[in-house]
Every structure is written in structure tokens, then in C-alpha cells.
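>>> Provided below for reference: sequence and predicted model.
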Amino acid sequence: MQTSARNQFAGEVTAVKRGAVNDEVTLRTDDGLEIVSIVTHGSATSLGLAPGKKAFALVKASSVIVMVDVEKRQVSARNCIAGTVSAVTKGAVNSEVTISAGGTSGASIAAIITNESVERLGLASGQSATAIFKASSVILGVE
């Protein structure tokens with residue numbers, strides 16, 4: 001599968017919380033991350049999403065917010081992945097910031113943020129940072 005989404009995570013559905021309109025789906029990636037997605041009940045049904053089902057999650061880099069000095073309990077977004085900045089690639093207006101997830105997962109998450117934000121946050125390789133994205137920004141798919 002090829003997509004333009006910078007963040008692609010393969011894994012297995014571990015939980016589905018059914019709702020009348022939307023379902024909350026938790027995916028444990030092959031790297032050990034837990035990613036939560038909100039999809040319509042119809043989409044969850046048509047994709048056959050259930051615990052044990054292989055699936056993948058896509059998150060556009062422009063949907064990822066980068067924060068420093070934050071704890072998961074301080075934000076409303078369901079997906080908060082703490083780690084270390086592994087790369088900052090500056091462009092004319094925006095930069096791509098790559099955060100390597102903490103622990104042994106080996107996963108990384110790319111974010112596109114303004115150069116001004118990179119400077120204001122003092123982002124550089126080796127600095128602790130957290131990648132944050134809402135569950136509604138996660139697209140799920142199956143093979």
C-alpha cells in the first residue's frame with residue numbers, strides 16, 4: 001500500500017467501543033503503540049473492525065501537533081506519544097519534525113509545523129517532545 005500520509009501504522013485492533021453513530025477503535029501497532037481512532041459505525045462494520053482484526057492507521061503529518069513539557073493528562077486528544085526529536089528538516093515556511101517514540105517501540109511520527117514554532121519550542125535532535133493528534137484525525141483501513 002502506498003499513500004501520501006507520512007504516518008502509517010500497521011497493527012491489530014484490540015478494542016471497539018460501539019456507538020450509535022461513531023465507534024472508538026483502538027489499534028495496537030506492530031511497534032507496540034496504541035492508536036485510538038473515531039470512525040462511523042457504518043465504516044467500522046463495513047471494514048469488519050473487531051478485536052484481532054489486522055488493520056492500519058494513517059495520520060497526515062499536518063494533523064500532528066508537537067508539544068514540549070506536556071503530560072498526557074493535560075490534553076484532550078486521545079493520541080499523545082512521548083518521545084525524542086530525531087530530526088528537524090527546515091523548509092522555507094514549515095519544518096518536518098520527526099519524533100521517535102519512547103520505550104522499545106521503535107516507531108516514529110512525523111509532524112509538519114511552522115519554522116516559527118520550531119524556533120519557539122527550541123526543537124532540535126535529542127530533545128524530548130510529544131506528538132499529539134485527535135482520534136478523529138486517524139484514518140483506518142484493512143487489506
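Alright, I've got the coordinates.
>>> Pull out the CA atoms of stretch 74-88 and give them to me as CSV.
Taking C-alpha atoms only, stretch 74-88 is exported to CSV below (Å, rounded to 0.1, in the frame of the first residue of the first chain):
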residue,chain,number,x,y,z
GLN,A,74,-3.1,17.7,30.2
VAL,A,75,-4.7,17.5,26.7
SER,A,76,-8.0,16.3,25.4
ALA,A,77,-6.5,14.5,22.3
ARG,A,78,-6.6,10.7,22.7
ASN,A,79,-3.3,10.1,21.0
CYS,A,80,-0.3,11.5,22.9
ILE,A,81,3.0,9.8,22.0
ALA,A,82,6.0,11.0,24.0
GLY,A,83,9.5,10.6,22.6
THR,A,84,12.6,12.3,21.4
VAL,A,85,13.1,14.5,18.3
SER,A,86,15.1,12.5,15.9
ALA,A,87,15.2,15.0,13.0
VAL,A,88,14.1,18.5,12.0
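>>> hey, what's Val66 bridged with?
Listed by DSSP bridges, the beta-bridge partners for Val66 are Ala131.
>>> how near is it to Gly42?
Counting by C-beta to C-beta, to the nearest Å, the gap from Val66 to Gly42 is 33 Å. For every residue, glycine as well, the C-beta is placed using N, CA and C.
>>> Compare these two and say which one has the larger neighbour count.
Val66 (21 against 11; other C-beta atoms under 10 Å).
>>> Go ahead and confirm the more buried one touches Glu96.
No: when contacts are counted by C-beta atoms under 8 Å, Val66 is not listed as touching Glu96 (10.7 Å).
>>> Next, show the common contact partners of the two.
Counting by C-beta atoms under 8 Å, 6 or more residues apart in numbering, the shared contacts of Val66 and Glu96 are Ala111.
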